[in-house]
Structure formats: C-alpha cells, structure tokens
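Q: Next input, structure requested:
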Amino acid sequence: MDTTLTTQARHWLQDDPHEPTRRQLEDLIAAVESGDSQAAEELADAFRGRLEFGTAGLRGKVGPGPNRMNLVVVARAAAGLATYLNTHGGGTVVIGHDARHGSELFADASARILTGAGLDVVMLPAHLPTPLLAFSIRHLGCAAGIMVTASHNPAPDNGYKVYLGDGMQIVPPADADISAFIDQVTLSGPVASLPHGDSWTTLGDDVVEAYVSQTITLIEAGNPLLVRTAYTPLHGVGGQTFLRTMAAAGLPAPAVVTSQFEPDPDFGGMPFPNPEESGVMDAVLSLAAQEDCDLAIAHDPDADRCAFGVPAPGGWRMLTGDEVGWLLGWWIAAGNRRFTGRNVFAQSIVSGTMLEAIAEDAGLVYARTLTGFKWIARVPDLAYGYEEALGYCVHPTVVSDKDGISAALMMAELVGRLAERGTSVLEILDELAERHGVYATSQVSVRHADPARIGSLMTRLREQPPASFGGLTVIGLDDLEHPADGLPPTDGLRFILADGGRVIVRPSGTEAKVKSYLQVRVPVEDGDLRAARSEAERRLGELSIAIGGLLT
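A: Model prediction:
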C-alpha cells in the first residue's frame, strides 16, 4: 500500500466541503487500506496530478481528488478566473449549466466564489444549451461566461468551459494565465478560506426569448415550409429550446423520441451520448422512417453539435459531419442567408476540404484553422465555419461558437426548400461531387487506458514516419508542433498522400484517445460518379485499416 497516496487523500478530505465526495473518498481510502487493488488504482488515478486548465477549460470524471471534477477543483478554477478578470478590469460573468451530475452544484459554487471576489454574476435560468450561454455573453455585455458541461462525454464526466467577453472560448495566452492564477489559489490554502458571496441574479426567460428571436432570422420569413422532421435531444438539455425555436420560425413541430426527450444525467444508460457513436441515432432514425419524415435530427447533450439522417435508397442513412458541412456551406454560398459584409468560409484542418472548392466557386475567401471553434470563430469576417465532428457555426454574429440549434434550423430549411423543388440533399451531394470530385472522409480513433501510451505513439510517428498508408505513398509530412502555414502550434501530424489523400493524427483534447482524420479525393471522369465513388471508398477502406493498425 502506498502510504504517501493515502496521506495525500486524507489531506484532501480536510479541504473538501462536499459531503458526498468526502464519503466517497473515505470509502476509497478504507478499501485501499484493506488491500483492494482496484480501489488502489482508482485512488492513484484520482491523485495523479490535477485536471489541467487549458483551452477546453476543465473536463474529467466526477469524484474526489485533484484529477477529478469536484467542488474543490471547481472552486479553485473559479477563484483563478476571478483573479484573472479582476486584473483585466472586472465586470459581469454569466454562468450556465447542463443537467449532468454535479452541474448545478458546480455552477452555484462558481457564483459564490466569483461574487465573493467582487464580480457581478448572472445565472441562466435552469439547465440550458451551451450555445445559449455563448450567445448571452455578448447579448448581456459580460466580461466572461462559464458553462458547466462535459458535452458528449460519458455520464460520469463533467466539465467547465470558459469564454471571455468576445463570446468565444479561451485561447492562449488567456488559458495559461488563468491556469497560473489557479495554481496560486491552490497554494494559498483551503477553499473554505476563499471569500464567498451570495448576491448573484438569476435571469428570466427573456434571455431565451432573445436567443430564439435572433436565431430565427437565419431563415426566410413569411414563406411556409412543410418539412417533416424527427428529433431527439439524446437525454440532454436542447429539447425545449429547439422546439421553441422551430415553432417561432414557423416550422412544423418535429416528431419527438419521447423516451429520450427529458434531461437525464445517466443518458438512459448510453455509454457515450454522442451522435457519432454507433447505434446512438437508431431511435430517431426509426421514428423518422415510421413518420415518413424528410429529416432526422439529433443534438448532443448540450446541443452545441447536431447530427442528421436522411431517407436513401434501401433505408435511412446518416450524413457525415463533412457532408453536412458542405451542404450548409453550399446553401449559404448560394445566397440563402444574408452575409452582412462577411465573406469568409472557415473549417478546421481535420475536416474534408471540399468547402474550399465551394467557397472558391462562390467567390468567397477560404480559411483553415486548428481543431476547435475557439479557433474557427476567431477568423475575421467569418460568414460560416464548421468542423467534421458535427460542429457548425451558421450565425457567427449571434453565437461565436458551434451551435446545434441554429444549424438544425437551417438544415430543416434546406431540406424543405429542396423538397419543394423536387430534389434532395443526396442529389445536391452528387452535383457537388461531379463538380469538385469525390471527397471521401472518415475518422479512426483508438482509446488507450494509459494516456502515456498516446505520447509514445506520437513520438514514434515523428521519429519513424511511415512511407505509405494503405498503398498510398506519403509525399509530404507536416509536424503541426512546428507549423509552416501560420497556424498556432499543436500536437499533431499531417501526412500528405499521393492522389490528393491526407491523414492527420492528433491526441484528443478531451478524451484518452488518439484520433486520425482521413481523406481521399477522386475526380469524376466521363460523368461516371458511381465509379469515382467506388474507387474513393476502396482507397478510404484500405487507408482506415492501415491507420487502425498503426494507432493500436
């Protein structure tokens, strides 16, 4: 038994003001002292360093210890943020939270710490989607915003996302500066000694109404649209806001997966409440087929991302994140949304690059950024941005972040208007492929129980890069830690393949896994789209097999 570890844990007990996590830690210590090896592993992981505060804020498993989400960690993060804000002029902070385990508790604790530090705090009413928090920052003229959410992570997790007054997620150097202030708080003494206040204001429904009113300006007013949709919020917090937005826009109410509509911190037992995961969309696709719908829609638990299914020959199928990104870009570029002086389309480096051709076709500017909307939203004159992981920013003047509600509204409009013209999104995708070539994309991700394994894998790929993947020759390698195209440095590798292929490998910023993003491009020759698609899928399949073996 590691007595140093149990001593650390007992010291933590003295600082933890939350009785449930105190009892959890006491039980864990007792189990370790009785010789329980599984408990020893859990305790070691809980005290292995601390959750790092970075551009994703904090995210991790809820429980006791510095490497978990709990009141001690959250109070220190709030105090560090308060110090940062007070050194930059103070102001008001708006706080929101989802319906996960601990979310309301962590939001309340943050409000107490921030008001104790002399800052003004306003709290969103009840649990609401992340895009509404991002909207509220600029709408209310706040200096910062906090969203307590772990988005689509597994049910045991929670997180702490921080935005500054521009309504965008933090980026360097703000993240490092806040982290340094958190370190100072950690060294200064117990969290009980931090000043606590209770003078914050809970907002009314008017902030939700303002978000809905501005969001529905995305689509054409006064022209009835009879699109039939099926919808699920996947046990998250997007349901009520999305239905309200659809109604305000004059669109028919969706058929709803009632068993998944109410917020549930356990997500109905789903291991990963993420629309990208196999099987997660089954219920809404089944409902869509049963109700003869035109579109199936799913939000992730905090509704900043969305996924779509459409009817296809032989049954319903999911659209990929890239396909949706291209469709929304095509729709906007074709004049189906006012640009208000903005003319830039942007996407993350890991997304399929057909958007570049779509932007060029429309005479628009194209930009590529690092992964995450903390970068996409910062592109000057942004008209539209997306990333393949189901994130879309279709209304950047209202929400400077990915927003699954506004994206779903626009997608419903797109599908409905195409139906009026006697066509479909699949036919538009065919037209785009015939014009720009077949871009086939996919992602291969491998989870690792030991996070150190991911670092070793990245080192090996840098030191011994493969000469080919799946029969496609590597003709170039960009180490994204030393980027040559003006992007900020990040841990990742971009392999340029022959015949227009590309592989990007990077560690996940929120989970213990390494991700790879694959693309092949095949031109359509002599109008034979079927042959081009078949060749693209063959290349992509071989590429996926090769990458999967490499990352294990």
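Q: Go ahead and measure how far the helix or strand encompassing Ala407 is from the middle of the chain.
A: In this structure, Ala407 sits in helix 404-420 according to DSSP states H and E. Relative to the chain's own centre, helix 404-420 is displaced by 21 Å; criterion: C-alpha atoms, centre = their mean, to the nearest Å.
Q: Stretch 151-170 too?
A: 9 Å.
Q: average pLDDT for it?
A: The pLDDT scores in stretch 151-170 average 96.
Q: what's the span of it from first residue to last?
A: End-to-end distance of stretch 151-170 (C-alpha to C-alpha, to the nearest Å): 17 Å.
Q: Please spell out which residues along it are buried.
A: Residues of stretch 151-170 classed as buried by neighbour count (16 or more other C-beta atoms under 10 Å): 151-153, 155-165, 167-170. For the C-beta atoms, the positions are set from N, CA and C on the backbone; glycine is no exception.
Q: And the helices in the stretch 1-150 of the chain?
A: 3-15, 19-33, 37-46, 71-87, 103-116, 130-140 (DSSP state H, counting those that start in this stretch).
Q: same deal with the stretch 401-550 of the chain?
A: Ranges of helices within the stretch 401-550 of the chain are 404-420, 425-436, 451-463, 529-551, based on DSSP H, counting those that start in this stretch.
Q: and those as a markdown table, adding mean neighbour count?
A: Below are the helices of the stretch 401-550 of the chain laid out as a markdown table (neighbours: other C-beta atoms under 10 Å):
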| stretch | mean neighbour count |
| --- | --- |
| helix 404-420 | 23 |
| helix 425-436 | 17 |
| helix 451-463 | 13 |
| helix 529-551 | 17 |
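Q: and Asp45, which of the ones you listed is closest to it?
A: helix 451-463 (10.0 Å; C-beta to C-beta).
Q: Point out the other helices and strands that the closest one packs with.
A: Judged by 3 or more C-beta pairs under 8 Å, 6 or more residues apart in numbering; DSSP states H and E, the packing partners of helix 451-463 are strand 493-497, strand 502-507, strand 513-522.
Q: Pick the most buried one from those strands.
A: Mean neighbour count (mean count of other C-beta atoms under 10 Å) peaks for strand 513-522 among those, with a mean of 23.
Q: Parallel or antiparallel, which strands does that strand pair with?
A: Sheet partners assigned to strand 513-522 using DSSP bridges are listed as strand 438-447 (antiparallel), strand 502-507 (antiparallel).
Q: tell me the mean pLDDT over it?
A: Here strand 513-522 scores 93 as its mean pLDDT.
Q: Pull it out as PDB, backbone CA atoms only.
A: What follows is strand 513-522, C-alpha atoms only, in PDB (Å, rounded to 0.1, in the frame of the first residue of the first chain):
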ATOM      1  CA  LYS A 513      -7.600   8.500 -27.200                       C
ATOM      2  CA  VAL A 514      -5.700   9.300 -30.400                       C
ATOM      3  CA  LYS A 515      -7.600  10.400 -33.400                       C
ATOM      4  CA  SER A 516      -6.900  10.200 -37.100                       C
ATOM      5  CA  TYR A 517      -8.700  12.100 -39.900                       C
ATOM      6  CA  LEU A 518      -8.600  10.500 -43.300                       C
ATOM      7  CA  GLN A 519      -9.400  12.000 -46.800                       C
ATOM      8  CA  VAL A 520      -9.100  10.700 -50.300                       C
ATOM      9  CA  ARG A 521     -10.200  12.600 -53.400                       C
ATOM     10  CA  VAL A 522     -11.100  11.000 -56.700                       C
END
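Q: the inter-axis angle of that strand versus helix 529-551?
A: Between strand 513-522 and helix 529-551, the angle comes out at 150 degrees (axes from the mean of the first three to the mean of the last three C-alpha atoms, to 10 degrees).
Q: Strand 513-522 versus helix 425-436: what angle between them?
A: Using the same axes, to 10 degrees: strand 513-522 against helix 425-436 is 70 degrees.
Q: Which segments of the protein make up each domain?
A: As assigned by automatic domain parsing, the chain contains the domains 1-48, 54-195, 209-434, 437-551.
Q: what residue ranges in the stretch 1-150 of the chain score low on pLDDT?
A: For the stretch 1-150 of the chain, applying pLDDT under 70 flags the ranges 1-2.
Q: How many neighbouring residues does Ala283 have?
A: Residues lying near Ala283 (other C-beta atoms under 10 Å) number 19.
Q: Now do it, the pLDDT please.
A: Per-residue confidence (pLDDT) for Ala283: 97.
Q: mind checking which helix or strand it is in?
A: Per DSSP H and E, Ala283 falls inside helix 282-290.
Q: so how far is the helix or strand that that helix is followed by off the chain centroid?
A: Next in sequence after helix 282-290, counting helices and strands by DSSP H and E, comes strand 295-299. Distance of strand 295-299 from the chain centroid (C-alpha atoms, centre = their mean) equals 17 Å.
Q: Packing partners of strand 295-299?
A: strand 229-232, helix 282-290, strand 306-312, helix 404-420.
Q: Can you tell me the strand partners of it and which way each runs?
A: Strand 295-299 is paired, per DSSP bridges, with strand 229-232 (parallel), strand 306-312 (antiparallel).
Q: Packed most tightly, which of the helices of the stretch 1-150 of the chain would that be?
A: helix 130-140 (a mean of 26).
Q: re earlier: take the helices of the stretch 401-550 of the chain and lay them out in TSV including mean pLDDT and distance to Thr217.
A: Shown next, in TSV, are these (pLDDT from 0 to 100; distance: least, C-beta to C-beta, whole Å):
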stretch	mean pLDDT	distance to Thr217
helix 404-420	97	10
helix 425-436	97	23
helix 451-463	89	43
helix 529-551	93	37
